[in-house]
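> coordinates for the following, if possible.
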Amino acid sequence: EHRPSMFRKIWTVVSGIIGVLFALFLALCLLVNVLIPDGSGELVVRNESVIGVDNVHVSFGRDVIDFAGIPALGMCTQEFRVRRDCTCQVLATLADGLVVSNAYGYYCKGMDIGRVEVVVTADRSVKIIDKHSRED
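Here you go, the predicted model:
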């Protein structure tokens, strides 16, 4: 009789474990996409200061949206997408050379976005307003 070698037995067990782990990883990735779906919304950048804004760099995770040349007391809008949960970080350069940001970022949740306003305030700071921070 021909008996399987010890190497073949070990390789069968190891490949089975690797297959099961791969299947679990794939199932987890699919589950995350179902529980935390992508979202979309409208991004509004408003300038409430009397100084124009040269550019505004808004990032949602890895996705980046740039706005250029927002006049004093002006605004721009653009549609955007959010992939899962992420942070929103803003870096704005005013016409006088001052650079302002929201420092550590603002946490956004996938489909829960809707409309996000990035405001360069009159006192030269950045404020982010979404439907959770509005007082209705």
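> burial count for the closest residue to residue 126 other than its chain neighbours?
Among residues not flanking residue 126 along the chain, residue 102 sits closest, at 4.6 Å (C-beta to C-beta, 6 or more residues apart in numbering). (Glycine included, C-beta is placed from N, CA and C.) Neighbours of residue 102 under the rule other C-beta atoms under 10 Å: 18.
> cool, and residue 120?
For residue 120, using other C-beta under 10 Å, the count is 24.
> distance of the nearest residue to it once chain neighbours are set aside from residue 41?
Take residue 120 and drop its neighbours on the chain: the residue closest to it by C-beta to C-beta, 6+ apart is residue 47, 4.8 Å away. Distance of residue 47 to residue 41, given as C-beta to C-beta, to the nearest Å: 20 Å.
> how about the helices of the protein, start to end?
Ranges of helices within the chain are 6-35, based on DSSP state H.
> which helix or strand in it has the lowest average pLDDT?
Taking mean pLDDT, DSSP states H and E as the measure, the chain has strand 106-108 as its least confident helix or strand, at a mean of 70.
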